[in-house]
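# Could you work out the structure for the sequence below:
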Amino acid sequence: MTDQPVFVLGGDLEALEPAAFETEEEFQELLARHPRVLDFGSLADGRPLRLMLVAREMGVPTSAESGPAYWLDHLFVDADGVPTLVEVKRASDTRIRREVVGQMLDYAANGARYWPAALLRRSFEETCAADGRSLEEAYGELLGDRSPEEFWTTVEERLAAGQMRLLFVADRIPLELRAIVEFLNRQMRQTDVYAVELTQYRGDGDLRVLVPRIHGEVATAAKSPSSRRTTVKTTRDDMDTVIRTRLAPAPRRIATALLDHAAARGRLEGGTATYPSMSVHYPVAGRQVPVWTLSLYDTPAREELAFSFLSLTRHLGLDETAAFAESLPTVPELTRKLEAQRERNYKGWPSVPLTALAAEPDAVEGILAAIEQLMDGKEAPPDRSA
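Residues are numbered from 1 along each chain as shown. Below you'll find the predicted structure:
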């Protein structure tokens, strides 16, 4: 049976004929610029899936000491922090039948080991810069109230746990590949595997129609929900245990004071990363506004307080956010970051180690006073005393 055209009905009926992609480069560029053709399914909370490009030709090392040994065609990520690995082949490439499967599994296994959060974040931000896209816009679609550090750590953890999507994309999916995809999907509990057949139709001029067909969804739906990782939120008891057993006295006092104030005056929300973390929303101007996140990282062991300036700016506006920043106490490491935030209109998540706060007398009291001023909506002179 020959391939049938599709028809566009406007003033007249126009037939669009099936047309192969001239080169694999053309095919790859199309996916990089228009990842929505791969946006099937939804996020954990039911929102539509929106893939964001981390990098084209993402290097895949095979040891911690070596440079890239392979190159993945595309690495995407979604707002849940689930990475999506994509390999692109044209139907004329005989590797689409079996060889591409071994390639993909190689990339997934080594990426899970050797793609740290810092590399993923740098790759994403370099891609945004190359595409002329602002980080504020890009991160605005991904992060919600999280910091970039927390988001990319989540991506790294999902990779390590095997929570990812593997997508084989071609203009025609052979039966052999469909069978392998369905088999892998039944056997792999944490990883979802799909084959995406993306057929191109061309008409007069520049008119093109892209029609994606997804293979593997039935096998994915058949997976037992109990076999997938359950998301567990950090509790106050979790935080207190780490604070009590790992932190030195001065950082311990700061962490406890922050959490006690949040419990009394705001709303604590546990993080879902493998390391303990909690964020706090405070009532400001009649709404619950995210203000900071306390993270107790495991590897390497360190403790950081990050301020949610992007969220503050969205909720309260630039002037009120700037006033809050100016009211924070002088801590050299934090002050440098606040100066950089001022130049960027407070659209980031500046963080400061608890050890740096501990080195400055009354730093935590100054932070809590600034938060009280924020909640009360009072104008106050900047607190720049040591």
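# tell me which element the residue lying closest to R244 once chain neighbours are set aside falls in.
For R244, ignoring the flanking residues on the chain, the nearest one in space by Cβ to Cβ, 6 or more residues apart in numbering is R252 at 7.2 Å. (Glycine included, C-beta is placed from N, CA and C.) Applying DSSP states H and E as the criterion places R252 in helix 249-265.
# tell me which strands and helices that helix is in contact with?
helix 236-246, strand 277-284, strand 287-297, strand 302-307, helix 354-358, helix 363-376 (3 or more Cβ pairs under 8 Å, 6 or more residues apart in numbering; DSSP states H and E).
# can you tell me how far the residue nearest to R244 sits from H261?
With distances taken as Cβ to Cβ, to the nearest Å, R252 is found 15 Å from H261.
# Over to R244?
18 Å.
# Comparing these two, which residue is more hemmed in?
H261 (17 against 11; other Cβ atoms under 10 Å).
# hang on, isn't that one packed against L368?
Yes - using Cβ atoms under 8 Å, H261 is in contact with L368, at 5.3 Å.
# Which residue is the nearest non-sequential neighbour of L318?
Closest to L318 by Cβ to Cβ, 6+ apart is N345, at 5.9 Å.
# what's the spacing between the one you found and E29?
For N345, the distance to E29 - Cβ to Cβ - is 33 Å.
# And for S277?
Remark: distance between S277 and E29 (Cβ to Cβ) = 38 Å.
# Those two: which has the busier surroundings?
A direct count of neighbours by other Cβ under 10 Å for S277 and E29 places S277 higher, at 26 against 14.
# all strands of the chain, in order?
6-9, 13-18, 52-61, 68-77, 83-89, 165-170, 192-202, 208-215, 267-270, 277-284, 287-297, 302-307, 351-353 (DSSP state E).
# Can you tell me the closest non-neighbouring residue to S327?
Closest to S327 by Cβ to Cβ, 6+ apart is A370, at 4.1 Å.
# quick one: that neighbour and A323 touch, right?
No - using Cβ under 8 Å, A370 makes no contact with A323, being 9.3 Å away.
# quick one: which of these two has more around it?
A370 (22 against 18).
# check contacts around the more buried one.
Neighbour list for A370: F324, S327, L328, P329, D383 [criterion: Cβ atoms under 8 Å, 6 or more residues apart in numbering].
# In TSV, list the residues you listed along with distance to Y70.
Output for the contacts of A370, formatted as TSV (distance: Cβ to Cβ, whole Å):
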residue	distance to Y70
F324	47
S327	50
L328	46
P329	49
D383	53
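# From N110, how far off is A369?
49 Å.
# Ignore what I typed, I meant L85.
For L85, the distance to N110 - Cβ to Cβ - is 11 Å.
# more neighbours, those two?
L85 (25 against 18).
# burial count for the residue nearest to the more buried one when sequence neighbours are not counted?
Closest residue to L85 apart from its sequence neighbours, by Cβ to Cβ, 6+ apart: L166 at 5.3 Å. The number of residues packed near L166 is 24, by other Cβ under 10 Å.
# in the sheet, who's paired with L166?
L85, V193 (DSSP bridges).
# how much space between it and R202?
29 Å.
# care to break this structure down by domain?
With domains defined by automatic domain parsing, the chain comprises 6-227, 236-376.
# Correct me if wrong: A117 contacts V155.
Yes - the pair A117 / V155 is scored as a contact, 6.6 Å apart, by Cβ under 8 Å.
# what about those two, which has more around it?
V155 (25 against 18).
# what's the weakest-modelled helix or strand in this structure?
Least confident helix or strand of the chain, by mean pLDDT, DSSP states H and E, is helix 217-221 with a mean of 59.
# From E156, how far out is T274?
Taken as Cβ to Cβ, the span from T274 to E156 is 10 Å.
# More neighbours: which of these two?
In this view T274 and E156 are compared by other Cβ under 10 Å, and E156 has more residues nearby, 22 against 17.
# In space, what's closest to that one - neighbours in sequence excluded?
A117 (4.1 Å).
# all helices of the stretch 51-200 of the chain, in order?
Using DSSP state H, counting those that start in this stretch, the helices found in the stretch 51-200 of the chain span residues 99-114, 117-130, 135-142, 148-161, 175-187.
# okay, the last one in CSV with CA atoms only?
Provided in CSV are the C-alpha atoms of helix 175-187 (Å, rounded to 0.1, in the frame of the first residue of the first chain):
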residue,chain,number,x,y,z
LEU,A,175,8.4,-3.6,13.2
GLU,A,176,11.6,-4.9,14.8
LEU,A,177,12.2,-1.7,16.7
ARG,A,178,8.5,-1.6,17.8
ALA,A,179,8.8,-5.1,19.2
ILE,A,180,12.0,-4.2,21.1
VAL,A,181,10.5,-1.1,22.6
GLU,A,182,7.5,-2.9,23.8
PHE,A,183,9.6,-5.6,25.4
LEU,A,184,11.9,-3.1,27.1
ASN,A,185,9.0,-1.2,28.4
ARG,A,186,7.5,-4.3,30.0
GLN,A,187,10.8,-5.2,31.6
